[in-house]
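>>> have a look; sequence and predicted model below, questions after that.
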Amino acid sequence: MIYSITLNPAIDYVIGLPKLELGLVNRLDTAIKLPGGKGINVSRILKELDIDTTAWGFTGGMPGRFIEEQLQALSLRTDFTRINGDTRINVKLKADQETELNAPGPQITDDEVAAFRARFNQLQQGDVVIMAGSIPAGLPESFYRDLIPLIHEHGADFVIDTTGQALLDTLPSKPLVVKPNHHELAELFGDAEYPDLQATVAAGRKLLGLGAKHVLVSMAGAGALMITADKAWHGTVPKGDVKNSVGAGDSMLAGFTGTFARTHDPLLAFKKAIACGSATAFSTDLADRAKIDEVEATISIEEI
Ligand SMILES: Nc1ncnc2c1ncn2[C@@H]1O[C@H](COP(=O)(O)OP(=O)(O)OP(=O)(O)O)[C@@H](O)[C@H]1O
Ligand SMILES: O=P(O)(O)OC[C@@]1(O)O[C@H](CO)[C@@H](O)[C@@H]1O
């Protein structure tokens, strides 16, 4: 089972108009509400791939009920911890540019945290816990890191989608995969942008040395890299009409983790990761299975 953790879910209110005029009344062409939050996105993609998943996290109020109902309608298994506060609403504005407005999220009480942590007793060997997205205000920054011993106690693996020092801090605990994009990778080591793929590979390999079990580096339209101790592969991303960058990174993580958990084949998992990321980039919502399959057939992976 792959458990996703979304501490701070959101209704993604995706609105579209040709051009935003600041300071004026703007009439929207489109407005849709989606169940959002990075871990929830991961679980939605896993569900498309027919991989067993349960979404954990905190939900509250009308937005929390909306998210749960939407996920149930997708037959996605959830076991959220109900909270007193209201789950947030994030605005994703699609005009001449994409702009995201992400709210801070509700307060979580100590009792709610205790009820959430009790769920970790269900974990079993072979399970993977994917923690993704912001930590609501009021919870300590170490919240994800503090869950790692609970996960390891049961012989399960973990993935944390984070960047910067928080990412470096998790490496000694051996995350199943890390997936910085090439800008985040350079920032991690205080470097300027890398001039070529070989320099990017050399930097990515340092993350393996520090403890990561697998390293992917995404480079948006320029493809992605998978790096092992003595090899590296570049995967192309297909050309297409990019409609959406919200959730592309989450989709990639879901594709890798779900396929690796099922097959233990990192190359297959890498290809599926790119397919899921690009299929979401080419969709208005997260990708569906048909789009993932169509995109996967066009990806080539080459050792470099
Ligand atoms: N222009 C594009 N064309 C095709 N695929 C793309 C494009 N941009 C992103 N993708 C897909 O999405 C994946 C993740 O993209 P990106 O490198 O932007 O990661 P990220 O910055 O972590 O994403 P996010 O914005 O979701 O956090 C890429 O590896 C690729 O599969
Ligand atoms: O504010 P966070 O938790 O960092 O990110 C939340 C979020 O932007 O991430 C997802 C896309 O990756 C969206 O569904 C959601 O609104």
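Everything's here; your move. Ligands and ions are numbered 1, 2, ... in the order given.

>>> which ones are touching the residue nearest the centre of the chain?
Closest to where the C-alpha atoms of the chain average out (CA atoms, centre = their mean) is D250, at 2.6 Å. Applying CB atoms under 8 Å, 6 or more residues apart in numbering to D250 gives the contacts 38-39, 41-42, 45, 132, 161, 280, 286. Yep, even glycine has a C-beta here, placed from its N, CA and C like the rest.

>>> can you do 6 Å?
Residues near D250 by CB atoms under 6 Å, 6 or more residues apart in numbering: 38, 41-42.

>>> G209: neighbouring residues, count only.
9 (other CB atoms under 10 Å).

>>> and it, how close does it get to L171?
9 Å (CB to CB, to the nearest Å).

>>> count the residues that sit near the residue nearest to E193 when sequence neighbours are not counted.
Spatially, and ignoring its direct neighbours in sequence, E193 is nearest to A186 (5.5 Å; CB to CB, 6 or more residues apart in numbering). As a burial measure, A186 scores 17 neighbours (other CB under 10 Å).

>>> A186 in helix, strand or coil?
Three-state assignment for A186 (DSSP: H, G, I helix; E, B strand; the rest coil): helix.

>>> need the residues of the stretch 1-150 of the chain near ligand 2, please.
8, 10, 12, 36-38, 41, 90, 100, 102, 133-134 (CB under 6 Å from any ligand atom).

>>> which ones among the residues you listed are found in helices?
With DSSP state H as the criterion, helices contain 38, 41 from among these.

>>> list the buried ones in the worst-scoring helix or strand of the chain on mean pLDDT?
Using mean pLDDT, DSSP states H and E, the weakest-scoring helix or strand in the chain turns out to be helix 164-170, at a mean of 89. Within helix 164-170, the residues that qualify as buried by neighbour count (16 or more other CB atoms under 10 Å) are 167-168, 170.

>>> that one and ligand 2, are they touching?
No - using CB under 6 Å from any ligand atom, helix 164-170 never reaches ligand 2; the gap is at least 12.1 Å.

>>> any idea how far that helix is from the chain center?
16 Å (CA atoms, centre = their mean, to the nearest Å).

>>> is ligand 1 contacted by it?
No - Helix 164-170 is not in contact with ligand 1 by CB under 6 Å from any ligand atom; minimum separation 12.0 Å.

>>> what sits closest to I32 if chain neighbours are left out?
Leaving aside its sequence neighbours, I32 sits nearest to V14 (CB to CB, 6+ apart; 5.1 Å).

>>> correct me if wrong: the one you found contacts T30.
No - counting by CB atoms under 6 Å, V14 stays clear of T30, with 7.6 Å between them.

>>> neighbour-wise, which of the two wins?
Between V14 and T30, counted using other CB under 10 Å, the more crowded position is V14 (21 against 10).

>>> does the more buried one sit in a helix, a strand or a coil?
V14 ends up strand, using three-state DSSP.

>>> where do the strands sit along the protein?
Using DSSP state E, the strands of the chain run over residues 2-6, 10-16, 30-36, 53-59, 77-78, 81-82, 88-94, 98-101, 128-132, 157-161, 215-218, 224-227, 232-235, 301-303.

>>> domain parsing for this structure?
1-20+30-130, 162-304 (automatic domain parsing).

>>> L139 is nearest to which of the ones you listed?
domain 1-20+30-130 (5.8 Å; CB to CB).

>>> could you check how far that closest one is from the centre of its chain?
11 Å.

>>> gap between L210 and A132?
From L210 to A132 the distance is 20 Å (CB to CB).

>>> give me the more crowded residue out of these two.
Neighbour totals were compared for L210 and A132, and A132 leads with 25 against 16 (other CB under 10 Å).

>>> does the more buried one really touch K38, like I thought?
Yes - shown here, A132 and K38 form a contact pair, counting by CB under 6 Å, at 3.5 Å.

>>> residues from the chain in reach of ligand 1?
181, 218-221, 224, 237, 240, 242, 245, 247-249, 252, 274, 277-278, 281.
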